[in-house]
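J.: With the sequence up front, the predicted model follows.
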Amino acid sequence: MVTGGSVQAVTKASKYPEAAAIFAAFINASPAELPHDVAPAKDGGGGLFPAATEGFGLPAFKAKNPALDNQPANVDVFEEESSRVNAKFQWSPWSSYVFNELQTEIGRAFAGKESVQQALANVQQQVMSYARSQGYSVSS
C-alpha cells in the first residue's frame, strides 16, 4: 500500500542527535537544498514534493510532468491542495500495523471473501486490539 511521504528521523540511539536534526532540517527546508529536492530523480534530484512552500516557485517544481502526460500537476493540483493539509496530523505509533491489516482485509474484500464494510470493521477491531496489547487506551 502506498501512503506517500517520507521522513528523516533522529532516533534516541543517534550518536549526534543535534547534528542529525540540523541536517534533517537542512535537507528538507533550506533554500540551498530545495532545488535538489524537487528536481526529477532522472536529473539527480530527489523528485520530492518540497517540505517548504518556497519550493513552489522553483522551475523544476513548476515543470510539466512527463509521467502525468506533461501536465503541470505540481502547480495545478498539488500546490493548490497543499494549503488544505492538516499540519497537526500525526501518524499513530502503530501505522505500519494498520497498513498491513488494511491491505490484507481489503484484499479479501476485493477477492469476494467479505464486504468492504466487513473488511473495514475487521481492521478497526484488529487495530484496537493491537493498540491495547501495546499498552494504549483506545475506544471506538
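T.: Structure received. Numbering: from 1, shown residues only.

J.: Please count neighbours and contacts with C-alpha atoms only from this point.
T.: Fine.

J.: Now for this structure, the helix or strand with the poorest mean pLDDT.
T.: Across the helices and strands of the chain, mean pLDDT, DSSP states H and E gives its lowest value to helix 73, namely a mean of 77.

J.: Need the contact partners of that one.
T.: Contacts of helix 73 from elsewhere in the structure, counted by Cα atoms under 8 Å, 6 or more residues apart in numbering, are 64-65.

J.: Just after it, pick out the following helix or strand.
T.: Helices and strands here follow DSSP states H and E; after helix 73, the next one along the chain is helix 80-82.

J.: Give me the residue ranges of the chain where confidence is low.
T.: 1-6 (pLDDT under 70).

J.: now the helices for this protein?
T.: Using DSSP state H, the helices of the chain run over residues 17-29, 34-38, 59-62, 73, 80-82, 95-110, 116-133.

J.: And stretch 121-134, how far out from the chain middle?
T.: In terms of Cα atoms, centre = their mean, to the nearest Å, the centre of stretch 121-134 is set 22 Å apart from its chain centre.

J.: Which of the residues in that stretch are classified as buried?
T.: By 16 or more other Cα atoms under 10 Å, the buried positions in stretch 121-134 come out as 122-124, 126-128, 131.

J.: same check, this time on stretch 101-112
T.: Buried residues in stretch 101-112, counted by 16+ other Cα under 10 Å: 101-102, 105-106, 108-109.

J.: and if you look at stretch 37-46?
T.: By neighbour count on 16+ other Cα under 10 Å, the buried set for stretch 37-46 is 37-40, 45-46.

J.: Convert that stretch to PDB, retaining C-alpha atoms only.
T.: Coordinates of each C-alpha in stretch 37-46 appear next as PDB, following Å, rounded to 0.1, in the frame of the first residue of the first chain:
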ATOM      1  CA  ASP A  37      14.600  18.000  -3.500                       C
ATOM      2  CA  VAL A  38      12.200  18.900  -6.300                       C
ATOM      3  CA  ALA A  39      14.500  18.100  -9.300                       C
ATOM      4  CA  PRO A  40      13.500  14.900 -11.000                       C
ATOM      5  CA  ALA A  41      15.300  11.700 -10.000                       C
ATOM      6  CA  LYS A  42      16.400  11.200 -13.600                       C
ATOM      7  CA  ASP A  43      18.300  14.500 -13.200                       C
ATOM      8  CA  GLY A  44      20.000  13.500  -9.900                       C
ATOM      9  CA  GLY A  45      17.300  15.100  -7.700                       C
ATOM     10  CA  GLY A  46      15.000  13.700  -5.100                       C
END
